[in-house]
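Engineer: Pasting the sequence and the predicted model now:
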Amino acid sequence: MKILMPSLHYPPVIGGFEIFTQSVAEEIGKTDDIFVVTGRVANTPRKEDKNRLRIIRTSPQELKDLSYSSSKYILGTMIWIFFRSMRIIRKEKIELIHAQGFLSGILSYILSKLNRVPYIVTIQSADFSVYHHKLDIKPIVRFYEKMERAIFVNAKYCHAISKHLENHLLKYGPKNTIVIPNGVDTKKFVPDPDKFSTRKKLGFDTENLIVCVSRLEHKNGTHDLIEAAHILDEELKGSKQHGFKIIVLGSGSQKDKLREMIEKYGLKEKIFLLGSILYSEVPKYVAAGDIFIRPSLAEGFGNVFVEAMAAGVAVIGTPVGGIPDFLKDNVNGLFCEPGNPKDIAEKIKKLMNDEELAQKVITNGIKTAREEYDWVDIAKRVRDLYLKLITNSK
């Protein structure tokens with residue numbers, strides 16, 4: 001098989017799409033020809049070969065901030081990806097295009113029309129008003145929905161990473177839909193048998209360590225986590241549980257706002273914004289924690305939750321988007337109410353105080369991650385879909 005993946009971003013840029021694209025491309029690239037065409041990133045080679053996977057980076061400028069892409073970078077990169085993809089399709093006789101989200105979907109739709117090559121599209125988000133709350137303006141929303149309809153209706157298959165997202169797809173009347181979730185590398189995300197020693201080496205020697213991996217954007221609810229920390233700080237003073245710290249891995253547009261909140265509440269010794277951490281380093285930070293939480297307001301799936309489960313950490317999430325697909329309340333994690341800092345604080349305290357419950361959700365979380373969400377199995381399901389489409393189109 002010969003598959004093209006035009007994608008605006010690819011690791012070292014980190015997010016749900018980037019992890020999905022890399023994990024699937026590397027696994028399927030062991031046996032089939034995969035071409036990833038993506039934007040340039042500082043200190044990253046223009047071309048990489050790994051087994052039968054080829055990564056081509058092309059754009060008029062390099063991305064230096066891994067958490068933010070300017071509109072100029074996006075537009076220029078899309079144009080360059082389009083023309084490089086055209087050459088690869090014709091030279092390599094590409095059999096299928098796999099679009100990664102909205103912008104990649106636009107490119108794939110046009111490339112498909114011009115070259116008569118079928119495409120599938122993967123979506124990992126749907127709540128436009130939450131993900132892009134600053135752009136929640138009727139003309140923009142209408143244009144976005146019109147473009148989505150064209151992308152979905154013309155795709156041979158629309159792939160959603162959760163049931164929530166499949167329901168979003170079905171509103172547009174696509175030809176075919178399929179749910180294949182995101183996954184976790186169960187060889188990298190593993191429990192740490194000496195997490196107290198690890199957290200001390202990382203500089204966070206504390207009785208209770210709470211971890212959040214998140215882009216600092218409105219939709220991820222990190223502002224609510226800081227409000228919850230303020231409540232905990234007030235309620236736990238003088239108790240054993242008051243020895244808690246929260247580390248947040250990731251950067252984004254709300255960074256300054258969150259720093260101001262931390263300063264306002266006097267939480268500089270409690271909450272630490274670590275900024276962008278290399279993905280290869282993330283597993284040790286996660287496994288060093290006792291509790292993982294991201295109080296999302298919207299979530300297509302939520303790789304980070306399953307990664308935390310695999311790492312043997314008690315997970316707290318919100319019942320939004322694709323999270324209920326894998327998180328079962330009081331079984332392999334706890335639910336907190338979205339946008340409710342008081343409830344977030346209560347759920348953190350519940351895990352701190354109930355060791356038996358914490359161990360139960362940790363044990364069940366590890367089982368869920370290993371048995372249902374290993375990337376090797378997920379990639380096999382994607383490859384089976386490729387084979388089905390290519391065979392049927394011949």
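Structural biologist: Yep, that arrived.
Engineer: Next, the contact list for residue 346, please.
Structural biologist: Residue 346 makes contacts with residue 336, as judged by C-beta atoms under 8 Å, 6 or more residues apart in numbering. For the C-beta atoms, the positions are set from N, CA and C on the backbone; glycine is no exception.
Engineer: ok, it to residue 206 distance?
Structural biologist: 20 Å (C-beta to C-beta, to the nearest Å).
Engineer: before we move on, what about residue 249?
Structural biologist: From residue 249 over to residue 206 (counting by C-beta to C-beta), the distance is 16 Å.
Engineer: Could you check which of these two has the larger neighbour count?
Structural biologist: Per other C-beta atoms under 10 Å, whichever of residue 249 and residue 206 has more neighbours is residue 249, with 22 against 16.
Engineer: Quickly note the distance from residue 32 to residue 380.
Structural biologist: Note on residue 32: its distance to residue 380, by C-beta to C-beta, is 12 Å.
Engineer: make that residue 297, sorry
Structural biologist: From residue 297 across to residue 380, the span is 33 Å (C-beta to C-beta).
Engineer: And residue 340, by the same measure?
Structural biologist: Taking C-beta to C-beta, one finds residue 340 at 39 Å from residue 380.
Engineer: ditto for residue 47
Structural biologist: 27 Å.
Engineer: out of the two, which sits in the busier spot?
Structural biologist: Applying other C-beta under 10 Å to residue 47 and residue 380 shows that residue 380 carries more neighbours, namely 15 against 9.
Engineer: Let me know the secondary structure of the more buried one.
Structural biologist: helix (DSSP: H, G, I helix; E, B strand; the rest coil).
Engineer: do residue 17 as well
Structural biologist: Taking three-state DSSP, the label given to residue 17 is helix.
Engineer: what sits against residue 1?
Structural biologist: 32, 33, 95, 96, 386, 387, 390.
Engineer: With neighbour count and distance to residue 58 as extra columns, can I get these in JSON lines?
Structural biologist: As requested, the contacts of residue 1 are arranged in JSON lines below (neighbours: other C-beta atoms under 10 Å; distance: C-beta to C-beta, whole Å):
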{"residue": "32", "neighbour count": "17", "distance to residue 58": "22"}
{"residue": "33", "neighbour count": "18", "distance to residue 58": "18"}
{"residue": "95", "neighbour count": "19", "distance to residue 58": "22"}
{"residue": "96", "neighbour count": "22", "distance to residue 58": "21"}
{"residue": "386", "neighbour count": "21", "distance to residue 58": "24"}
{"residue": "387", "neighbour count": "13", "distance to residue 58": "28"}
{"residue": "390", "neighbour count": "16", "distance to residue 58": "26"}
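Engineer: For the residues you listed, work out which two are farthest apart.
Structural biologist: Farthest pair in the contacts of residue 1 (C-beta to C-beta) is 33 and 387. Separation: 13.6 Å.
Engineer: hey, where'd the helices end up in the stretch 101-250 of the chain?
Structural biologist: Along the stretch 101-250 of the chain, the segments classed as helices by DSSP state H, counting those that start in this stretch run 101-115, 128-131, 138-154, 163-170, 195-202, 222-235.
Engineer: Correct me if wrong: residue 21 contacts residue 7.
Structural biologist: Yes - look at residue 21 against residue 7 with C-beta atoms under 8 Å: they come within range, at 5.3 Å.
Engineer: joint contacts of those two?
Structural biologist: Contacts common to residue 21 and residue 7, judged by C-beta under 8 Å, 6+ apart, are 36, 100.
Engineer: coming back round to it: mean pLDDT for the helices of the stretch 101-250 of the chain: which is lowest?
Structural biologist: Per-segment mean pLDDT for the helices of the stretch 101-250 of the chain reaches its minimum on helix 128-131, at a mean of 48.
Engineer: related to what we said a few turns ago, from the contacts of residue 1, which land in strands?
Structural biologist: Among the contacts of residue 1, the residues falling in strands (DSSP state E) are 33, 96.
Engineer: which one in the contacts of residue 1 is the model shakiest on?
Structural biologist: For those, the pLDDT minimum is residue 390, 92.
Engineer: Tell me who's in contact with that one.
Structural biologist: 1, 95, 96.
Engineer: Between those residues, which sits nearest residue 194?
Structural biologist: residue 1 (43.8 Å).
Engineer: quick one: the residue lying closest to the closest one once chain neighbours are set aside from residue 113, how far?
Structural biologist: Excluding its sequence neighbours, the residue lying closest to residue 1 (C-beta to C-beta, 6 or more residues apart in numbering) is residue 32, at 4.2 Å. Going from residue 32 to residue 113 by C-beta to C-beta gives 24 Å.
Engineer: and if you look at residue 292?
Structural biologist: The value you get for residue 292 to residue 113, if C-beta to C-beta is used, is 43 Å.
Engineer: can you check residue 252 too?
Structural biologist: Going from residue 252 to residue 113 by C-beta to C-beta gives 35 Å.
Engineer: pLDDT below threshold where in the stretch 1-150 of the chain?
Structural biologist: 126-138 (pLDDT under 70).
Engineer: returning to what we had before: neighbour count: residue 292 and residue 113, which is higher?
Structural biologist: Comparing residue 292 with residue 113 by other C-beta under 10 Å, the one with more neighbours is residue 292, at 24 against 11.
Engineer: Now name the helix or strand holding that one.
Structural biologist: strand 291-293 (DSSP states H and E).
Engineer: Could I get the average pLDDT for that strand?
Structural biologist: Strand 291-293 comes out at a mean pLDDT of 98.
Engineer: helix, strand or coil for residue 13?
Structural biologist: coil.
Engineer: List the contacts of it.
Structural biologist: Counting by C-beta under 8 Å, 6+ apart, residue 13 has contacts 41, 63, 66.
Engineer: now do residue 283
Structural biologist: 188, 189, 190, 307, 311.
Engineer: and with 6 Å instead?
Structural biologist: By C-beta atoms under 6 Å, 6 or more residues apart in numbering, residue 283 lies in contact with 188, 189.
Engineer: For residue 223, see how far away it is.
Structural biologist: 26 Å.
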